[in-house]
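Peer 1: sharing a sequence plus its predicted fold:
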Amino acid sequence: MAILPAHLSRSVGGGFDNESVAIPAMCITFFLWCRSLRTASSWPLAAAAGLAYTCMAASWGGYVFVLNMVGVHAGVLLLLGRSQSSLCKAYTLFYVIGTTGAMQVPIIGWTPLKSSEQLGPLAIFAAMQLAQLYRAWASRCSSTQGKDGSQLATVAILGAVAALAVAVLVPSGFFGPLSVRVSALFVEHTRTGNPLVDSVAEHQPGSSDAYWTYLGKVYYVAPAGLPALFLRKGRGVSDSGLFLVCLAGAAYFFSLKMRRLIILTALPAAGLAGVAAGLAFEWVVLSPIQRTLCSPSSLEMRSKAVAAFNTPLVRIARLLLAALLAQVVLPEIKAFYEFCDNKARYSLSHPQIMLKANNGGIIDDYREAYWWLRDNTPEDSRIMAWWDYGYQIAGIAKRTTIADGNTWNHEHIALLGLCLSSPVQDAHTIARHLADYILVWSGGGGKDDVGKSGHMARIANSVYSGHCAESDCDQFGIYPGGKASKMMGSSLIYSLCDRGGALDEKYFKEVYYSRNKRVRIVQVLRVSEESRQWAGDPRNRLCDAPGSWYCPGQYPPLLRQLVDEDLEAETSEAKAYRKAYAKRKQEQEAERPLPNQPGLPGGSFLDSCRGCSLEGKHLQKGVLRCTHCRFPGSPALASSLDLQSCPLPEVDNIRGELQCKPKVNAANIPEGGYRDSCRGCELEQGGTVLQCSHCGAADGRRVTSRFPLSQCPRPGKLDNHNGVLNCVGLLNAAKIPEGPYLHSCQGCHLFDYGKLVTCQLCRKADGRQLQSSFELGLCLPPGKLDNQDGSLICKGGKSPGVQELPEGPYKQTCSECRLEGPRTLKCERCGNLQSQVVSSSYDLSRCSAPAQLHNQDGALTCIGVPSGPRLPAGNYLKSCEGCHLQEGDQLLSCSHCKAPGGLQRVSSYQLDLCPVPGRLENWNGVLNCLGLISDPAVPGGAFRESCQGCRLESSETGQGQVLTCSHCRAADGRQKPSSVALAGCLDPAQMLQNRDGSLICGQ
């Protein structure tokens, strides 16, 4: 269990989650509970199980699962009549100690006695006490009929009292309903009714791929442990075995409902796999016949069987069978260990806030942003960020956050979502009472906070009604072309993620933007000091006891006036906010679609389109127009359709677009899997071409596709590959070369005495299939054939007579590299720091050993070129290589000076042109002399940023002064002397400029 990825996922070091503490406590609780039932005298160990359960309850909300598992197990044992006396003692001890301890946790309180999901264990506890009372009464009474009647009467009275208590407490509201998190396990993901629960990706249902990812081969071995539990020792399953069965069933059921709960399957999966392996070992190595022939009436048969089983020949056969199994099993065990080790190394141990770029570099924006908060903000600063990052800000930045992963407070997170998804001015009105800084993830590509903002708006709307006109906030989103809706475009989160133009500096001030533009931090201006002081006053915290750590806060009165409709708006700010909020609600309500008009055609569009009307008198000749057609992941779109083009009087909504419902497939079309996802299929051109008007694609689109039937001979059959008709199942000839091309090419055969391989169909990137051939003599080992966009190529090898690619670290982040001529290396795909893929080339004659080629931000660069001795000092040495002194040590020449974009340039500099205190530096790949002192009398101006060694001199004609600079930088980076007369320069400080290395006076 210790190496299963399902367990490792919540037990790795550095996890900012209480589950890392809770999972070991859960395992200890289960072990001690089972151990307390092993013998009649081991029931006191249930007290230790209760203490471990208390630790579990204090660390994670999953304590409800632990309590119910123990309760279910105890109930099953009670129904089976297993060791009733010791069971009652153990469960009573566990329940009393565990529940009492859990109730001391402030967040839990009286929940174990009031919450619906915890009433089952309470009922088991009550049933055990009744059963114990019944047994005690029965032991005192004789077996007469009258006594039996009194026993039954007593039980009936106790049952009536319990029923009366339930009947009184249930209507009074004493017992609470199922929590949202528990009820979410019994409904479809994203349909729980709570947008906060729906927003968590881990709440997706489990799948076979997920089980394989987290359990590996144990996923297939564990089920064999269930029958093995009942076969061991020939006397049925033990009490602990029954617990393992109950735990496995519950963990599998709940993990199917919620992927996150796969962590609960680690314990039962490991246990069942161990039972299966143990039973197999007993049957093979020990004496299985002794353990199966256990009937007392078969002693003679058993003795004969044992004698036969222990003969030398059978013993040798058993040893051979054991050796054979070991030969098969040991490599699988090694592979399983490597699988778990790789998961621990590469999947679970990588930091979640440090990413690896395509070029092999590290993107550390998130951690650096948290460090910036820690080092540059006051310790009492309040940071507003989406709740996903709360633990990270608290743990790394050491700052107070508005919300974190402890999402039990739905209303509080709704206020955070309201602030971030509101217009900038309204959002500032809320933020100034809550926070000093706002942190957003702004990386783009769906991973930034704009991608999560739909959840923010929906969560806000679930508490603050009217924030969105629609319950699912359909008005808040981004259209397919990338344009934001009106509500999204005006929101604070859209502006902070650098999507909506310049930040309004009246309300917020940018104080930090990470180097890769992944994190942005802004300071909230005009923070309400009154609200800040009120929130910081300990007297305004709702502690459950004096000095307790559990102290939920309250919103400052000024903030409550903004958002609490039950309070009267007393301040001008609150009145203005409520007025703006009401106006926004009214405007959004006006944008809601109208109901569909009667007399519309049928079709699926009626379920997802509104505001639909028919223009025209005839149903099949009019134009259908809908103002709002739903598009998953986007606001609703307007769409129209001319019904004259429809073969049937039915219309569908496909990704926000009205489309005719396709006609049924013709009866004479060939067989194939395409018939399940393609419609409107018929034969054309004399039955030689299959044409389908609507083939479903992976993104939901319907695509027209056609396929010549002659290209798909038997046994091939047609299928739909992402909207494109494909032929599948064509057989390849024997002895064709191995290679990745076999995954996407079919009908491959050898021709020309095995020198040429031809594949009848190779799939292109767009899904179409083409014929392709390749001469095997052009692909020498270790190269293998691959399919590149429908064409066979040699990958990983070299062609005869062609020079091998140079070695170097560039190969780790660049691919599809080739030599163009004897001197140029061309790589089509090199990753850069922006996670993009670009092409790059390099002249190999400029990079000789020991230097090697590297990928620098998407550009091939030669690094490691040695430099000569006695070089002049300067920062150029950090970015220039291959430097040597020439011409009597008066000329410095460097063969590789780094330039923007990862390029390298050759540069040289005459040393006598850089006197002390000047120093040589690399400026965009060109050696420059910097640090030269200018005359203090020289006027200021923009030219001084790129000109040095400037002084004022008298003109030779005696008319005014001349400004002379020894080093003015030109556009190509080189420096040259320049001068300009100041006589005609009315305002030198404003008008003097350096234009491409020449001083001028002008605008």
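Peer 2: Received, thanks.

Peer 1: wait, what's in contact with Leu833?
Peer 2: By CB atoms under 8 Å, 6 or more residues apart in numbering, Leu833 lies in contact with Ala357, Asn359, Gly361, Ile363, Asn516, Asp857, Gly858. C-betas here are computed from N, CA, C, even on glycine.

Peer 1: would you reformat these as a markdown table and include neighbour count?
Peer 2: As requested, the contacts of Leu833 are arranged in a markdown table below (neighbours: other CB atoms under 10 Å):
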| residue | neighbour count |
| --- | --- |
| Ala357 | 18 |
| Asn359 | 26 |
| Gly361 | 17 |
| Ile363 | 20 |
| Asn516 | 18 |
| Asp857 | 19 |
| Gly858 | 24 |
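
Peer 1: adding secondary structure, pLDDT and distance to Cys551, write those residues out as CSV.
Peer 2: Formatted as CSV, the contacts of Leu833 follow (DSSP: H, G, I helix; E, B strand; the rest coil; pLDDT from 0 to 100; distance: CB to CB, whole Å):
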residue, secondary structure, pLDDT, distance to Cys551
Ala357, coil, 71, 43
Asn359, coil, 65, 48
Gly361, coil, 74, 44
Ile363, strand, 84, 38
Asn516, coil, 86, 39
Asp857, coil, 77, 49
Gly858, coil, 82, 52
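
Peer 1: and which of those residues is nearest Tyr876?
Peer 2: Tyr876 has its nearest neighbour among the contacts of Leu833 in Asp857, at 19.8 Å by CB to CB.

Peer 1: pretty sure the closest one contacts Asn832?
Peer 2: Yes - judged on CB atoms under 8 Å, Asp857 makes contact with Asn832 at a distance of 4.8 Å.

Peer 1: for the stretch 451-600 of the chain, what spans make up the strands?
Peer 2: According to DSSP state E, counting those that start in this stretch, the stretch 451-600 of the chain carries its strands in the segments 508-513, 519-524.

Peer 1: chain center to the first one: distance?
Peer 2: What it means is strand 508-513. 27 Å (CA atoms, centre = their mean, to the nearest Å).

Peer 1: likewise the last one?
Peer 2: The chain centroid and the centroid of strand 519-524 are separated by 24 Å under CA atoms, centre = their mean.

Peer 1: what pairs with that strand, parallel or antiparallel?
Peer 2: Strand pairing for strand 519-524, determined by DSSP bridges: strand 437-441 (antiparallel), strand 508-513 (antiparallel).

Peer 1: specify the local secondary structure of Gly225.
Peer 2: Three-state call for Gly225 (DSSP: H, G, I helix; E, B strand; the rest coil): helix.

Peer 1: and if you look at Leu641?
Peer 2: Classified using three-state DSSP, Leu641 is strand.

Peer 1: beta-bridge partners for the residue nearest to it when sequence neighbours are not counted, please?
Peer 2: Distance criterion CB to CB, 6 or more residues apart in numbering; nearest residue to Leu641, sequence neighbours excluded, is Leu658 at 3.9 Å. Beta-bridge pairing for Leu658 (DSSP bridges): Asn653.

Peer 1: which residues does Leu658 contact?
Peer 2: Going by CB under 8 Å, 6+ apart, Leu658 touches Phe605, Cys609, Leu624, Cys626, Cys629, Ser639, Ser640, Leu641, Val651, Asp652.

Peer 1: closest to Tyr370 out of the residues you listed?
Peer 2: Using CB to CB, those come closest to Tyr370 at Cys629, 42.9 Å.

Peer 1: from what I can see that closest one touches Leu606, true?
Peer 2: No - when contacts are counted by CB under 8 Å, Cys629 is not listed as touching Leu606 (10.9 Å).

Peer 1: ok, these two, which is more surrounded?
Peer 2: Cys629 (23 against 17; other CB atoms under 10 Å).

Peer 1: CA-only coordinates of whichever strand or helix holds the more buried one in PDB, if you can.
Peer 2: In this structure, Cys629 is located in strand 623-631 according to DSSP states H and E. Below are the C-alpha coordinates for strand 623-631, written out as PDB (Å, rounded to 0.1, in the frame of the first residue of the first chain):
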ATOM      1  CA  VAL A 623     -36.500  31.100 -42.000                       C
ATOM      2  CA  LEU A 624     -36.000  29.900 -38.400                       C
ATOM      3  CA  ARG A 625     -34.200  32.500 -36.200                       C
ATOM      4  CA  CYS A 626     -33.100  32.000 -32.600                       C
ATOM      5  CA  THR A 627     -31.500  34.700 -30.500                       C
ATOM      6  CA  HIS A 628     -30.000  32.300 -27.900                       C
ATOM      7  CA  CYS A 629     -28.700  28.900 -28.900                       C
ATOM      8  CA  ARG A 630     -26.500  27.200 -26.200                       C
ATOM      9  CA  PHE A 631     -22.900  26.500 -27.000                       C
END
